[in-house]
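1. I'll drop the sequence and a predicted model, then ask my questions.
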Amino acid sequence: MAAEMVGGALLSAFLDPLVKKLASDVKHFFKRKETILKLLKELETLLSSADMLLIDAEEKLIKDPRVRKWLDDLKDTIYDADDLVYKIDTEALRKEMEGHHESHDSGCSKVLMKLISSSNPLTSFDKDIKFEIEETLGKLKLLLDNKDLGLELVRNHKKPERVCAPSLEESEIYGRDCEKEEIIKLLLLDETTGGDKLSVISIVGMGGIGKTTLAQLVFKDERVNKMFDVKVWITVGDDKVDFMKVMRLIVECWTPQHVKNVTSERCEIEEPYDLQEEVKKALSVKKFLFVVDDVWDENRAKWDVLNNCFKSGKHGSKIVVTTRSTVVASIMKTGSTYQLGRINEAAGWRLFAEHALLVVDSNDYFDLKEVGEKIVDKCKGLPLAIKSIGDLLRGIRSKEEWESILNNDIWELYEKKRVEILPALWLSYFHLPSELKQCFAYCSLFPKDYHFKKEEMVLLWMAEGLFQSTNGKRIEKVGEEYFEYLLSMSFFQPSSSDSEETFLMHDLIHDLAMFISGEFCVMMNNSTKCSLKVRHLHCEEASMLKKFQEFSKEKCFLRTLLLFHEFGEELLSKLHESFPRLRVLSIQNGVINKFPDSIGNLKYLRYLRLDCNYIEEIPNTICKLYNLEILLLEQCIEVTKLPNDIGNLIKLRHLSVPRLLEMPLQLGKLQNLQTLNRFVVGRNRDSGGIELLKEFQNLHGKLYIKGLENVSSLEEVSDAPLLMSKKFLSQLTLKWGYGHEPDYLHKERQRELLSVLQPHPNLKELTIENYKGNSFPNWMGDHRCLSNLVRLEISCCSNCSFLPSLGQLPSLKDLRIRYCGVVGIGSEFYHSTSLDSSVAIQTKPFFRSLENLTFGGLYYLQEWSFIEGGVFPRLKNLNFDRCKRLKVTLLGDYFPVLTVLVLNGSEELIPLLLPRAQLKQAPLITLKKIRIMSCKNLTHLDEAAYQHLTSLEKLEIINCPKLQCLPKELPASLSDLRIKNCELLTPRVERDRGEDWPTIAHISNIIVDDEKI
């Protein structure tokens, strides 16, 4: 196989940094202790020898079970060696932190030099280490003396210095046009008259055939969007279905106001009957489309419960099921079953060419096409396999290397059923760099169809030490690049079902990860066996409590423990005894009242996540976890303060505690912090003031600053720029507290404070809340100060009569002004008279990037004036919310691309916004949607104004009880009319009988009070 195609072996990612540490830091620790130094040198030599066997062993492990066992035993021993080195690092750090040395440098090599005495005999710690080294050496010698496996040395194999994700835009879908149209045709059938209220369509096919992809195409189609009131995507997975979990998910995806005891985040209903009733109630008011993806469970009783709920849906509701099983399709009472076949050769080649060659027209690569077509043929029409092998060959133009993939014997082994892993997936994995192999294998720790965030996975990888920082690059950045690479290579795929950006692994990719990780990564359930080799354990089911208790009595060396249910405070208090080498501990959905003091004994811990609503206090013993890098307490809503000695955690990089009321004074010692989601300015000297922010120069992501009213003197912030130096922040919130109206002195102090809180120009999102100054500082309107700002929200700034000059901000796309004391909007809104006039001229047109503009709760706003100079050239969405005094007319000249207009509680504004005369002269020719809401006193709409809106497609009128009729002339373009809670209007739009029916008869989709007519 061509050398350029060979990635590093998985275990090499462990061995490289391990050998380097043995050669430097660890030797310094045992300086002049020749007995141990000799053993360390021997360990270094044996590990280097093992590294040269890994490439050949990894290639053979899929063919030879003996090689697999040898690799697993070697991996187990390397884990022990790595733990040994980590133990030494931790001891050095402990001595530093507990006062043995004055140095506060966390770098191990500087500290270790100081821990040595030239004549010290072996301490008890030294003797323990000596014994562990000898034990590890014995295991390594036995493994390396095994000559029966025929492993060959591979020297100087290439290891890339950095990993960059290959460039590939979102992939096209090939060979599924007919299937897509047939399923959409079934979905669009009008079944409102007679027959079953609910129709089920099943897409059945083998793994990797593209069932989910086809369902995604259908789900996102615009015709389908218009047909259904609500669409929900539910991923089930191959475990036995927990129908309570599925029903809660349905409820959580639904509009919250339809369901009691439910927030948009979590459904708290526990009783099955009550939950079923709430699901039925929710479904009954909307015509829905559910996609139930990846169904395996063939238990008819469970699906009967869900089908009974689904039948409560409105006429025309549909369910699309994807499954490998025809039995599941039958159980789901499918009306139509679509058996999905493989894609044809032409579609397969186009898909392969797009991924491998980054083009669909491959005529320029004639020499590669013949080989490529043979590779595609070996993929047997499976889109997942074709994409994976195409991703592997992306950017490679050597015919020899393509032929090496074509001629690999894995294809023949698969044909002969000697291996179960798809060859294309194995080859893609095999050629990954070693660090990426580790990261990928670690993902097997999570269940199939688990939806994960990029930040979540990167922090776990980092805590496990699966990659190292190189060339001074921030280690989180390295992890993000690795994640993007795996995504670009189709090992991860974007999720379809979440509003926020999450990812998951295809079932077959997950099978590959489980094969690679073997017995080292385990999800505990009734069928799994936990060997003593297990290092990473995921325990999700409460029914596993007894099994977990038995396992915790075994002598094993877990590094990761993920618990998703309550396992008892007593068990948690003994974690340090059961799993002394734990590096990652995550407890989610746990009902724990008090976290045990013994947490401080988990001295190797790097990552601690607690999602436990009832914990009120974090024990101070946590401050002895000197290795801790990540502390996430996002759901600990009762925790309002941090331990006093938090400054001991000098390695801490990520801290999230959302309900803090004050910051401890020692927080300033945590100068490695990369994320600090909340900072509260203290009221007294016992808590940290705003000057603490000066200590955190490397903050990334979001920062929420609360309690700014507690800044008593500008002397606290005058000697250094607090925020200007934080160039890595992307989102910033500045919030003053609510309470008594400040006097003039305090108003002036707030104005001066906001002036010095100028952020770095890299900032992308800014929120200013409850600021009581009389005016805004100049930096808010200077395009040089906020050159990258994309989103700005100003709310509850009641003393500001005028808005800042925002028209010159070049990147601003989303602007929201809410509950401010603004009385008028004039020329100052577009450009600042205090800036150099030449600057203003250079930045025309004003608001050149703005796409979304919201005015909400501006009760005093009376006038909005426009100026010449190309205002709002890109504004698409305009929202007026309770602006009852405003007088303004919208003209097409100022809003050339306006698409959506929302008017909420602003009935006085409606006749002014859309007057017929002005619309005739300067029509809003791009306006496609108008929503009029909660206009309690609105009685009429302009009879002739709407006919000039020649692009209008959708009109929504909601909660307008006094509206008497619709305009007699509506544009022919209108295709969607929705009316709700309009008592006088409802009878006038009855099909064939209402007085306004002739006006709206041409509209294809009319929904009145959630009923299609």
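-> Arrived safely, thanks for sending.

2. leaving out the residues flanking it, which one is nearest to residue 408?
-> Nearest non-adjacent residue to residue 408, counting by Cβ to Cβ, 6 or more residues apart in numbering: residue 427, 6.3 Å away. For every residue, glycine as well, the C-beta is placed using N, CA and C.

3. neighbours around the one you found, how many?
-> 22 (other Cβ atoms under 10 Å).

4. that one contacts residue 406, correct?
-> No - with contact defined as Cβ atoms under 8 Å, residue 427 does not count as touching residue 406 (10.2 Å).

5. could you list the domains of this protein?
-> Residue ranges for the domains of the chain, per automatic domain parsing: 3-144, 177-339, 345-519, 524-663.

6. the longest one - what's its average pLDDT?
-> Averaging the model's pLDDT scores along domain 345-519 yields 89.

7. off-centre distance for that domain?
-> Centre-to-centre, domain 345-519 and its host chain are 20 Å apart (Cα atoms, centre = their mean, to the nearest Å).

8. list the contacts of the helix or strand encompassing residue 441.
-> Per DSSP states H and E, residue 441 falls inside helix 434-442. Residues outside helix 434-442 that contact it (Cβ atoms under 8 Å, 6 or more residues apart in numbering) are 7-14, 16, 159, 163, 429, 432, 457, 460-461, 464, 466-468, 479, 482-483, 485-486, 491, 513, 516-517, 521, 536.

9. quick one: which of these sit in helices?
-> Among these, DSSP state H puts 12-14, 16, 429, 457, 460-461, 464, 479, 482-483, 485-486, 513, 516-517 in helices.

10. in the helix ranked longest in the chain, what counts as buried?
-> If you go by DSSP H, the chain has its longest helix at helix 65-97. For helix 65-97, burial by neighbour count (16 or more other Cβ atoms under 10 Å) applies to 67-68, 70-89, 91-93, 96-97.

11. before we move on, what about stretch 976-986?
-> For stretch 976-986, burial by neighbour count (16+ other Cβ under 10 Å) applies to 976-980, 982, 985.

12. next one: stretch 344-358
-> Within stretch 344-358, the residues scored as buried using 16+ other Cβ under 10 Å are 347-357.

13. just the C-alpha atoms of that stretch, please, in PDB.
-> Below are the C-alpha coordinates for stretch 344-358, written out as PDB (Å, rounded to 0.1, in the frame of the first residue of the first chain):
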ATOM      1  CA  ASN A 344     -27.800   2.700  -9.800                       C
ATOM      2  CA  GLU A 345     -24.300   2.800 -11.200                       C
ATOM      3  CA  ALA A 346     -24.600   6.300 -12.800                       C
ATOM      4  CA  ALA A 347     -25.800   7.800  -9.500                       C
ATOM      5  CA  GLY A 348     -23.200   6.000  -7.600                       C
ATOM      6  CA  TRP A 349     -20.400   7.300  -9.800                       C
ATOM      7  CA  ARG A 350     -21.700  10.900  -9.500                       C
ATOM      8  CA  LEU A 351     -21.800  10.600  -5.700                       C
ATOM      9  CA  PHE A 352     -18.300   9.200  -5.600                       C
ATOM     10  CA  ALA A 353     -16.900  11.800  -8.000                       C
ATOM     11  CA  GLU A 354     -18.400  14.600  -5.900                       C
ATOM     12  CA  HIS A 355     -16.700  13.300  -2.800                       C
ATOM     13  CA  ALA A 356     -13.400  12.100  -4.300                       C
ATOM     14  CA  LEU A 357     -12.800  14.600  -7.100                       C
ATOM     15  CA  LEU A 358     -15.000  17.500  -5.800                       C
END
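
14. how far off centre is it?
-> Distance, centroid of stretch 344-358 to centroid of chain: 30 Å (Cα atoms, centre = their mean).

15. now stretch 677-692
-> 30 Å.

16. before we move on, what about stretch 660-667?
-> Relative to the mean C-alpha coordinate of its chain, stretch 660-667 is positioned 28 Å out (Cα atoms, centre = their mean).
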